[in-house]
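Participant: sequence? don't have it. structure:
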Ligand SMILES: NC(=O)c1ccc[n+]([C@@H]2O[C@H](COP(=O)([O-])OP(=O)(O)OC[C@H]3O[C@@H](n4cnc5c(N)ncnc54)[C@H](O)[C@@H]3O)[C@@H](O)[C@H]2O)c1
């Protein structure tokens, strides 16, 4: 994701990449050379030496904590990739520290910046969603390269599982379009996918959610479908139906009495839009253009982790705190 964000911002005026930090210093050094920046493997050293106005935290779900707290201590506003954590307790501690420091944050739920999603939101603000159905269905991540993303992705104690790492996008959008949730229960399928080293995630998850508005939803994760898959979120209201589909979340917005849906295509590079929104907020000190911050993302984190916990308990309903 550091590659995606640096590419997205490479042509931005007034942006200079000052430093890169990675536990694998060679990875930081490669980016540092490309952008004329400094390379670090020691976070504290980077925050002490580099003159940073903002920082992007693009870490795997299991590697959080130190970077966020270092940014808070140095009072450097941070952008953080989703999911913000796989440990809710640590996420709430970071949220408290961010709040205490009054630090600006932005979380990488880039779909909130899509014109298609914003059009769907406007339609649902006038006619609230009652039922939603969404998720991510893909094939098993067979990849023998231990250095690829699949190295940590397939390990539940590292990624949190597909629902926490990937369907977090859908849950975040559902919260954006329906409001906050209050309870969740889930069941998991396991044992079908075989032959992937260290694979410990669920093959599929079926999740039911009750929202505070009274709306209900079914969400799914599956990484066991090699033949056909997709990314989707459908929301149904009395007079409106919204269909968001594909990785970019193209929208079709249906209305009672209208023969054809309003179609809104997604932007090709939403990363650039969210990065620009965060940079504008940092420059002006006004967070209005940021669609979701750390405190808000704690709620998405809680819901996805609660779904996983519910599945582990055999479907027990979990009431959400945040
Ligand atoms: N917004 C999106 O659409 C999107 C897409 C892909 C990934 N992501 C998210 O971005 C984050 C990073 O994913 P990625 O694909 O860039 O992962 P990656 O494995 O490709 O890169 C992670 C980097 O973090 C480094 N790292 C730093 N500290 C570490 C530590 N303590 N332990 C292990 N590694 C450490 C690794 O060396 C590596 O260079 C994840 O949270 C992922 O969910 C978001």
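Facilitator: On my side now, so go ahead. Nothing here was measured: the structure is a model prediction, and the numbers come from that model.

Participant: what average pLDDT does stretch 98-111 get?
Facilitator: The average pLDDT within stretch 98-111 is 98.

Participant: mind listing the helices for the stretch 51-200 of the chain?
Facilitator: Applying DSSP state H, counting those that start in this stretch to the stretch 51-200 of the chain gives helices spanning 66-74, 88-101, 115-126, 150-153, 156-159, 162-165, 168-178.

Participant: residues in contact with residue 311?
Facilitator: Contacts for residue 311 were tallied using C-beta atoms under 8 Å, 6 or more residues apart in numbering; they are 186, 187, 188, 202, 205, 207. The way it works is simple: take the backbone N, C-alpha and C, and place the C-beta from them, glycine included.

Participant: and it, its phi and psi?
Facilitator: In terms of degrees, to the nearest 10, the main-chain angles of residue 311 are phi -60, psi -40.

Participant: how much space between it and the ligand?
Facilitator: As for residue 311, its distance to the ligand is 20 Å (criterion: C-beta to the nearest ligand atom, to the nearest Å).

Participant: how much space separates the closest residue to residue 294 other than its chain neighbours from residue 20?
Facilitator: Closest residue in space to residue 294, ignoring its immediate chain neighbours: residue 105 at 4.0 Å, by C-beta to C-beta, 6 or more residues apart in numbering. Counting by C-beta to C-beta, to the nearest Å, the gap from residue 105 to residue 20 is 20 Å.

Participant: show me the shaky parts of the stretch 51-200 of the chain.
Facilitator: Applying pLDDT under 70 to the stretch 51-200 of the chain flags the ranges 143-150.

Participant: residues from it in reach of the ligand?
Facilitator: Contact residues (C-beta under 6 Å from any ligand atom) of the stretch 51-200 of the chain with the ligand: 58, 59, 60, 61, 63, 81, 82, 83, 108, 110, 149, 165.

Participant: if we can go back for a sec, among the contacts of residue 311, the buried ones, what's the PyMOL command?
Facilitator: Here is the PyMOL command that selects the buried residues among the contacts of residue 311 (16 or more other C-beta atoms under 10 Å):
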select buried, resi 186+188+202+205+207
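
Participant: of all the contacts of residue 311, which two lie farthest apart?
Facilitator: 202 and 207 (10.7 Å; C-beta to C-beta).

Participant: intersection of neighbour lists for the two?
Facilitator: By C-beta under 8 Å, 6+ apart, the residues touching both residue 202 and residue 207 are 163, 221, 311.

Participant: and the residue of the stretch 201-322 of the chain nearest the ligand?
Facilitator: Nearest to the ligand, among the residues of the stretch 201-322 of the chain, is residue 271, at 7.2 Å (C-beta to the nearest ligand atom).

Participant: surely that residue and residue 2 touch.
Facilitator: No. Using C-beta atoms under 8 Å, residue 271 is not in contact with residue 2; the gap is 11.1 Å.

Participant: picking that back up, as CSV, the helices of the stretch 51-200 of the chain with mean neighbour count would be great.
Facilitator: Shown next, in CSV, are these (neighbours: other C-beta atoms under 10 Å):
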stretch, mean neighbour count
helix 66-74, 19
helix 88-101, 17
helix 115-126, 18
helix 150-153, 19
helix 156-159, 19
helix 162-165, 28
helix 168-178, 25
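
Participant: can you list the ones you listed in a markdown table and add distance to residue 289?
Facilitator: Below are those laid out as a markdown table (distance: least, C-beta to C-beta, whole Å):
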| stretch | distance to residue 289 |
| --- | --- |
| helix 66-74 | 20 |
| helix 88-101 | 18 |
| helix 115-126 | 12 |
| helix 150-153 | 31 |
| helix 156-159 | 30 |
| helix 162-165 | 26 |
| helix 168-178 | 15 |
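
Participant: figure out which of those is closest to residue 253.
Facilitator: Here helix 115-126 is closest among the helices of the stretch 51-200 of the chain (C-beta to C-beta), at 5.2 Å.

Participant: could you verify my assumption that residue 240 touches residue 253?
Facilitator: Yes. At 6.8 Å, residue 240 counts as touching residue 253 under the criterion of C-beta under 8 Å.

Participant: shared neighbours of the two, anything?
Facilitator: Common neighbours of residue 240 and residue 253 (C-beta under 8 Å, 6+ apart) are residue 123.

Participant: tell me which element the residue of the stretch 201-322 of the chain closest to the ligand falls in.
Facilitator: When elements are assigned from DSSP states H and E, residue 271 belongs to helix 270-284.
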